[in-house]
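1. model this:
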Amino acid sequence: MPIRIVRLGSPRAAGEGLRLGTVRRPPRGVPKSEQASRDFYDLWLPDLAPSAELVAFAQSKEWTASHWSSFVRRYRREMAAPSAQRLIALLAALSHQTNLSAGCYCEDATRCHRASLAELFREAGADVTISGGEAS
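-> Numbering: from 1, shown residues only. Now for the predicted structure:
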């Protein structure tokens, strides 16, 4: 069963399973009791989100190939921490038993940490599907 990579707040796909919010902050103006019913997430998992410093770096200028590469390197460095590695490995292992999805709010998935997170899940042994796209 693949981990589906999604945009939080988008309609859920059939069989998507538990939706994980890999974001630094909960959605603004959405009561905790409505986060799941409004298709944000079932479980908030900020441990897999970029740090506040990295988000500030990402937003500091327009995306270029160089800026994106730097962001990816920095995010991967953050996710190399033992606690993040254990969490990624756990989710990759669970994906062989149950349906899971993980996501972020960003509109452009190609310039979002969830693209790098998908690669980290793959490296940990999970099958990954990008919502609205082909299995990768």
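2. R111 versus the residue lying closest to A126 once chain neighbours are set aside, what's the distance?
-> Distance criterion CB to CB, 6 or more residues apart in numbering; nearest residue to A126, sequence neighbours excluded, is A92 at 3.8 Å. Every C-beta, even on glycine, is put in place using the N, C-alpha and C of the backbone. Distance, A92 to R111, by CB to CB, to the nearest Å: 24 Å.
3. moving C-terminal of the helix or strand the residue nearest to A126 falls within, what's the next helix or strand?
-> Assigned by DSSP states H and E, A92 belongs to helix 82-94. Following helix 82-94 in sequence order, the next helix or strand is strand 100-104 (DSSP H and E).
4. Give the pairing partners of that next one; include direction for each.
-> When pairing is defined by DSSP bridges, strand 100-104 lines up against strand 3-7 (parallel), strand 18-21 (parallel).
5. Could you list the residues in contact with the lowest-mean-pLDDT helix or strand in the chain?
-> Least confident element among the helices and strands of the chain, by mean pLDDT, DSSP states H and E: strand 128-130 (a mean of 91). With contacts defined as CB atoms under 8 Å, 6 or more residues apart in numbering, strand 128-130 is touched by P2, I3, R4, I5, A109, A118, F121, R122, A135, S136.
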